[in-house]
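Enquirer: sequence plus the predicted model coming up.
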Amino acid sequence: MKKTIFVALALLICGYTTSLKAQNEITNIFKSGLTDLNTVANGYLKPAGNSLAAGLGSNWYNTAAVHKTWGFDLTIGGSVVMAPQSERTFDLTGLTNLKPTVTGTTSAPTFAGKGSGVGLTLFQPDKLSDGTANPLKGQQIVSFTTPKGISKYIPAPTVQFTIGLPFINDLSIRWMPTVKASDAEVSFWGIGVKHNFKQWIPGIKLLPFDASVLVGYTHLNANYYFPTSAEITPDKLVSGGLGYVADPNLNNYSTQSMRINTNSFTTGIVVSKTLLFFTPYVGVGIVKTKFDVVMAGDYPTLGDPVLSGGTYKMTIKNIADPVKVTGSETMPNATFGFRLKFALLSIHAQYVAQKYATASAGFGFTFR
């Protein structure tokens with residue numbers, strides 16, 4: 001059965017790739033035609049990419065206190081990011097050769113949206129690629145439905161080791177080796193520093209609370225390889241009896257895959273107060289995120305119509321890496337959280353108020 005790349009985007013990073021849902025959205029995106037292909041792909045996928053990057057940039061701390069030298073902890077956690085309301089639909093008014101099936105439709109759900117997709121029809125453009133008049137101007141090529149909304153909540157994992165060092169205070173390392181599951185693989189790494197700046201301020205250093213500054217960076221790579229049943233092939237791009245003329249240079253589409261890269265940079269100040277086993281904390285800061293999703297490999301796209309055997313057929317133009325979705329955000333934020341510590345075990349939860357609001361939780365084992 002066909003596996004959708006859009007569900008994979010959310011599930012890859014959590015190691016649940018064996019649960020990818022069977023849908024046909026990938027084929028539908030490529031029915032957009034080369035002119036509108038990136039517009040539809042960016043509109044649909046960008047909120048998911050921004051959410052993933054925001055989640056990976058969170059959950060760096062659960063207290064402002066730092067370890068004693070050579071003290072350490074291992075923390076495992078996860079975040080759930082909620083895309084803002086404004087990112088749950090994307091605009092259809094800028095499309096060129098695509099027109100809504102229902103007149104007056106101006107938007108469709110994104111990955112983070114809700115409900116079914118909307119009907120679009122791809123029409124023959126006014127002119128051919130060489131600028132001459134198109135003999136089939138205005139005729140329908142194919143109709144399809146945009147992908148439906150999947151979820152406004154996007155998960156992101158964290159596995160973090162922190163050690164206390166002289167002068168630096170806390171050095172945190174995030175790392176997961178390349179993990180392969182089914183048709184996907186994912187890896188990530190990160191590095192962060194938390195420093196107790198309160199100790200350098202006369203008078204303030206004697207007050208009964210902890211205060212630190214944090215800087216952290218996280219990077220993720222993920223790949224999803226299309227199984228044979230999900231490959232985008234020329235026959236999926238035309239309908240209604242309209243045939244096609246294959247590209248003589250290539251008819252092998254086994255190289256198709258999706259690559260995703262995300263980078264998240266976080267900096268801020270955190271203040272906490274330990275009350276026996278309970279430690280509330282607050283933080284303020286900025287997170288800067290960037291991501292790109294590339295549909296890698298060779299894909300068929302629709303070219304000009306040509307007269308073949310007495311009827312017009314669509315030519316197929318094979319293109320490498322035809323889709324690239326990119327996004328970036330710079331988000332001021334405020335963090336509110338608490339930690340419960342029982343001997344070596346600690347449990348924490350927090351909420352980050354920002355454009356892509358993030359809730360996180362985790363547990364760990366702390367020594368010194």
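Expert: Nice, I can see it.
Enquirer: work out which residue lies at the spatial centre of the protein.
Expert: The centre of the chain sits closest to Gly49, judged by Cα atoms, centre = their mean, with a distance of 2.3 Å.
Enquirer: neighbours of Arg174, how many?
Expert: Using other Cβ atoms under 10 Å, Arg174 has 24 neighbouring residues. No exception for glycine: its C-beta is placed from N, CA and C like everyone else's.
Enquirer: from the chain's centroid, how far away is stretch 323-331?
Expert: When distances are taken as Cα atoms, centre = their mean, to the nearest Å, stretch 323-331 is centred 9 Å away from the chain's centroid.
Enquirer: and it, what's buried?
Expert: Under the neighbour-count criterion of 16 or more other Cβ atoms under 10 Å, stretch 323-331 has Val323, Val325, Gly327, Glu329, Met331 buried.
Enquirer: the residues you listed in helices, which ones?
Expert: Among these, DSSP state H puts none in helices.
Enquirer: Phe278: which of those is nearest?
Expert: If you rank these by distance to Phe278 using Cβ to Cβ, Met331 comes first, at 28.7 Å.
Enquirer: ok, that closest one to Thr301 distance?
Expert: 35 Å (Cβ to Cβ, to the nearest Å).
Enquirer: turn the buried residues of stretch 323-331 into CSV, columns for pLDDT and distance to Asp247.
Expert: Output for the buried residues of stretch 323-331, formatted as CSV (pLDDT from 0 to 100; distance: Cβ to Cβ, whole Å):
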residue, pLDDT, distance to Asp247
Val323, 88, 18
Val325, 90, 25
Gly327, 92, 31
Glu329, 95, 38
Met331, 96, 44
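Enquirer: got a markdown table for these, with distance to Met82 too?
Expert: Converted to a markdown table, the buried residues of stretch 323-331 look like this (distance: Cβ to Cβ, whole Å):
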| residue | distance to Met82 |
| --- | --- |
| Val323 | 26 |
| Val325 | 20 |
| Gly327 | 16 |
| Glu329 | 14 |
| Met331 | 13 |
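Enquirer: closest to Asn196 out of those?
Expert: Met331 (25.5 Å).
Enquirer: buried sites along stretch 67-79?
Expert: Within stretch 67-79, the residues scored as buried using 16+ other Cβ under 10 Å are His67, Phe72, Asp73, Thr75, Gly77, Gly78, Ser79.
Enquirer: tell me the residue in this structure that is farthest from the middle.
Expert: The centre of the chain is farthest from one residue, Gly310, which by Cα atoms, centre = their mean lies 46.6 Å away.
Enquirer: for that residue, give me its contacts.
Expert: Contacts for Gly310 (Cβ atoms under 8 Å, 6 or more residues apart in numbering) come out as none.
Enquirer: for Pro208, same thing?
Expert: Counted by Cβ under 8 Å, 6+ apart, Pro208 has contacts Lys273.
Enquirer: Ser187 contacts Val159, correct?
Expert: No - under the criterion of Cβ atoms under 8 Å, Ser187 makes no contact with Val159, lying 11.5 Å away.
Enquirer: mutual contacts of the two, please.
Expert: Joint contacts of Ser187 and Val159 (Cβ under 8 Å, 6+ apart) are Met176.
Enquirer: assign the nearest residue to Thr146 once chain neighbours are set aside to helix, strand or coil.
Expert: In space, and not counting its chain neighbours, Thr146 is closest to Gly117: 3.6 Å by Cβ to Cβ, 6 or more residues apart in numbering. Following DSSP: H, G, I helix; E, B strand; the rest coil, the label given to Gly117 is coil.
Enquirer: Gly117 is in contact with Lys148, isn't it?
Expert: Yes - using Cβ under 8 Å as the test, Gly117 is close enough to Lys148 to be in contact (4.9 Å).
Enquirer: just the strands in the stretch 101-250 of the chain please.
Expert: Secondary structure of the stretch 101-250 of the chain by DSSP state E, counting those that start in this stretch: the strands cover 107-109, 119-123, 140-145, 153-165, 169-181, 184-195, 210-225, 244-245.
Enquirer: for the record, mean pLDDT for stretch 141-157?
Expert: Per-region confidence: stretch 141-157 scores 87 on mean pLDDT.
Enquirer: may I see the buried residues of that stretch?
Expert: When neighbours are counted by 16+ other Cβ under 10 Å, the buried residues of stretch 141-157 are found to be 141-142, 144-152, 154-157.
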